[in-house]
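Participant: how does the following fold in three dimensions:
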Amino acid sequence: MSRTLIRTYAGEYHTRPDYVLRVSNRRILTDTQADMFVTAFYGVLDPLTGTLTYCNAGHNPPYLLRIDPSAGAVAQPLHRTGMALGVARDALWEQAVIHMEPGSLLVLYTDGITEAHNAQATLFGEERLLQAVQTAAATRVGQGFAAQDIQEALLAAVREFAGDTPQFDDITLMVVARDLAAGQ
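Facilitator: The predicted model follows:
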């Protein structure tokens, strides 16, 4: 239901992630009786300018990685701009704006990535997530990025870390790469 509401309102208010989350939240609270909530990250990217306008409703912070050939990848978390949906009727979300430079990456993930664990019950965590992305990106500095390559490298790192330990949570991952050569 949450996804349907966000998609519906996004079509009407495509430049206002804050408003989309506000009206979706009100509708969720009107139509549900359970004490449940949903985290969400909703962003609108202009591929020509690299401008990303977003709201983070209590979700794990996505990372914007700026690739510097001399310093490697510098990670910037996109912190929460409001609480999860379905918690409070009058909740508000702040809208944030960042710029994705050509050659930068945006990594969005669910807690199934960071909470994947190995046989010793050690969590994969955000540090390993960033290290896996930075390692994969380092091999491509100056060549541009294929988002799918970075995504596959991160998923492989999670699988290798977990080994034979059964997966206990869903894993969702999306990587957006702004092309270095084309500026898109």
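Participant: so where do the helices sit in this protein?
Facilitator: Per DSSP state H, the chain carries helices over the ranges 2-12, 17-31, 111-114, 125-138, 147-162.
Participant: M100 is nearest to which of those helices?
Facilitator: In terms of CB to CB, the element of those nearest to M100 is helix 147-162, at 12.0 Å. C-beta coordinates here come from the backbone N, C-alpha and C atoms, glycine included.
Participant: still on that earlier bit, put together JSON lines for the helices of the chain, with mean neighbour count and mean pLDDT on each row.
Facilitator: Formatted as JSON lines, the helices of the chain follow (neighbours: other CB atoms under 10 Å; pLDDT from 0 to 100):
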{"stretch": "helix 2-12", "mean neighbour count": "15", "mean pLDDT": "92"}
{"stretch": "helix 17-31", "mean neighbour count": "20", "mean pLDDT": "94"}
{"stretch": "helix 111-114", "mean neighbour count": "19", "mean pLDDT": "94"}
{"stretch": "helix 125-138", "mean neighbour count": "18", "mean pLDDT": "89"}
{"stretch": "helix 147-162", "mean neighbour count": "16", "mean pLDDT": "93"}
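Participant: could the ones you listed go into a markdown table alongside distance to V38?
Facilitator: Shown next, in a markdown table, are the helices of the chain (distance: least, CB to CB, whole Å):
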| stretch | distance to V38 |
| --- | --- |
| helix 2-12 | 5 |
| helix 17-31 | 7 |
| helix 111-114 | 13 |
| helix 125-138 | 21 |
| helix 147-162 | 23 |
